[in-house]
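**Q** Provided below for reference: sequence and predicted model.
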Amino acid sequence: MSKKGRVLVAMSGGIDSSLAAVLLHEQGYEVIGMTMKTWDYASSGASKKETGCCSLDSINDARNIAVSLGFPHYILDIREEFGDYVINHFTSEYLDGRTPNPCVLCNTHIKWDALLRRADQLDCEFMATGHYANVRLENDRYIISKGKDHLKDQSYALWGISQKSLSRTRYPLGNLTKKEIRKMALKRGFHELVSKPESYEICFVPDNDYRGFLKRRVPGLERQVQGGEFVLEDGSVVGSHEGYPFYTVGQRKGLGVALGYPVYVTEIQKDKNRIVLGTFDELARNGMYVHQLNMLKYTELGPERMEAVTKVRYNDSGTVCVLEQAGEVMKVYFGAGVHAIAPGQAAVFYEEEDVIGGGWIASSFNQKNN
């Protein structure tokens, strides 16, 4: 075994995970590549051609990198556990009137656990991914912090990883930018990686039509939920919708309601099959409750309030807030309103570059005096 140790690298076939494997190999680690098969596109019923991390092309691309550098590569089939956990959760969240975040759920509950189990079987001390993030040990805590490239930073998607898993995780791209990664790939002759398009879709919804996916996944769903009411904040009815699971908080397009001014989904009332609409100002909330916490930098915040920055979605730049922890629930106060806080999405708390922790948004509120 190499003096640096043996590392299992999660390889999707894209440029980031491929370069993570290449860099670790060059640094002297004994690299083993692993590509996970999470989903069969054919089983989704979508019409789009198979692309992305689960496709045969992507698997072959990852294998070709491994072969060119002379390290082993394996395929790990986790379709059953992925479907049982991630897809069932995705479906049930929409049916409960929430907006799920399957990529975060997959990272924290499926991929890391599956990879570390296989790492143990292959006597790997570490596992690594191509995420743009960093991890360090400080005060007996493994802390995730933002990647150097803030435009590509992926720390938001990693808040749920356990301390035990983080102790064995490496992020080789954390101190690099996307531009630097592309240059490295070209320098090493991996031109096809640079020209390969990146996928931002949910892997099991390849046509990006989650409504169609839900309809195929839950036969008869349309009949069960159709004919609900669109209402304004004051309760007045302004139209009918296709069913509450087919809408998300913050949605503006595709509502089919013409009121002479822009309106957004401000609330989903599952029990009444109602969708509440409001103006952009009415979409704002100055607080929220976050549950199912995973604390990283601190085990808990204690009785004192703490100032931080919180992201309520992946591409959110973050908003200054005050955190107040009560056991397994974090109450988050925003000085100014934050728009489109969607129950079911992840909320991640930051102290400068470091991830304090995160959880799932349970509900939001408006309160005059915090």
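**A** Happy to help now that I have it.
**Q** next one: phi and psi at Asn312?
**A** I think there's a mix-up here, since residue 312 is Val and not Asn. With angles defined as degrees, to the nearest 10, Val312 sits at phi -110, psi 0.
**Q** what's the per-residue pLDDT of it here?
**A** The score at Val312 is 98. That number is its pLDDT.
**Q** go on, Ser195?
**A** pLDDT at Ser195 comes out at 89.
**Q** for it, give me phi and psi.
**A** Per degrees, to the nearest 10, the backbone of Ser195 is at phi -90, psi -10.
**Q** ditto for Arg141
**A** phi -130, psi 140.
**Q** same question, Gly260
**A** Here is the backbone geometry of Gly260 (degrees, to the nearest 10): phi 90, psi 0.
**Q** likewise the one 3 residues further on?
**A** The phi/psi pair for Val263 (degrees, to the nearest 10) reads phi -130, psi 160.
**Q** low pLDDT regions in this protein?
**A** Scanning the chain for pLDDT under 70 picks out the ranges 1-2, 41-54, 200, 368-370.
**Q** quick one, domains of this structure?
**A** Taking automatic domain parsing as the reference, the chain has its domains at 6-195, 225-279, 283-365.
**Q** which element, helix or strand, includes the residue nearest in space to the middle of the chain?
**A** For the chain, the residue lying nearest the average C-alpha position, counting by CA atoms, centre = their mean, turns out to be Val104 (3.2 Å). For Val104, the element it lies in under DSSP states H and E is helix 102-106.
**Q** near Leu105, how many other residues are there?
**A** Neighbour count for Leu105, taken as other CB atoms under 10 Å: 21. Every residue, glycine included, has its C-beta placed from N, CA and C.
**Q** strands along the stretch 251-370 of the chain, start to end?
**A** Ranges of strands in the stretch 251-370 of the chain, per DSSP state E, counting those that start in this stretch, are 264-269, 274-278, 284-295, 306-311, 319-326, 329-339, 346-351, 354-365.
**Q** dump the ones you listed to JSON lines, plus distance to Leu158 and mean neighbour count.
**A** Below are those laid out as JSON lines (distance: least, CB to CB, whole Å; neighbours: other CB atoms under 10 Å):
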{"stretch": "strand 264-269", "distance to Leu158": "28", "mean neighbour count": "21"}
{"stretch": "strand 274-278", "distance to Leu158": "33", "mean neighbour count": "22"}
{"stretch": "strand 284-295", "distance to Leu158": "10", "mean neighbour count": "19"}
{"stretch": "strand 306-311", "distance to Leu158": "12", "mean neighbour count": "18"}
{"stretch": "strand 319-326", "distance to Leu158": "19", "mean neighbour count": "18"}
{"stretch": "strand 329-339", "distance to Leu158": "18", "mean neighbour count": "18"}
{"stretch": "strand 346-351", "distance to Leu158": "9", "mean neighbour count": "24"}
{"stretch": "strand 354-365", "distance to Leu158": "7", "mean neighbour count": "22"}
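**Q** TSV for those, including distance to Ala128?
**A** Listed next are the strands of the stretch 251-370 of the chain as TSV, based on distance: least, CB to CB, whole Å:
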stretch	distance to Ala128
strand 264-269	39
strand 274-278	43
strand 284-295	21
strand 306-311	24
strand 319-326	31
strand 329-339	30
strand 346-351	22
strand 354-365	18
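**Q** what about those, which gets the closest to Lys148?
**A** Lys148 sits nearest to strand 354-365 of all those, at 14.1 Å, using CB to CB.
**Q** quick one, the closest one and strand 306-311 angle?
**A** 80 degrees (axes from the mean of the first three to the mean of the last three CA atoms, to 10 degrees).
**Q** starting at the chain centroid, how far to strand 354-365?
**A** Distance, stretch centre to chain centre, for strand 354-365: 13 Å (CA atoms, centre = their mean, to the nearest Å).
**Q** give me the contacts around it.
**A** 143-146, 155-156, 158-160, 285-298, 301, 306, 308, 312, 323, 329-330, 341-350 (CB atoms under 8 Å, 6 or more residues apart in numbering).
**Q** which strands and helices sit next to the helix holding Val104?
**A** In terms of contacts (3 or more CB pairs under 8 Å, 6 or more residues apart in numbering; DSSP states H and E), helix 102-106 is packed against helix 88-95.
**Q** report the buried residues of the helix it packs on.
**A** His89, Phe90, Thr91, Glu93, Tyr94, Leu95 (16 or more other CB atoms under 10 Å).
**Q** tell me the contacts of Asp316?
**A** Here Asp316 is in contact with Tyr156 (criterion: CB under 8 Å, 6+ apart).
**Q** pull the number of nearby residues for Asn315.
**A** Count around Asn315 with other CB under 10 Å applied: 7.
**Q** tell me the contacts of it?
**A** For Asn315, counting by CB under 8 Å, 6+ apart, there are no contacting residues.
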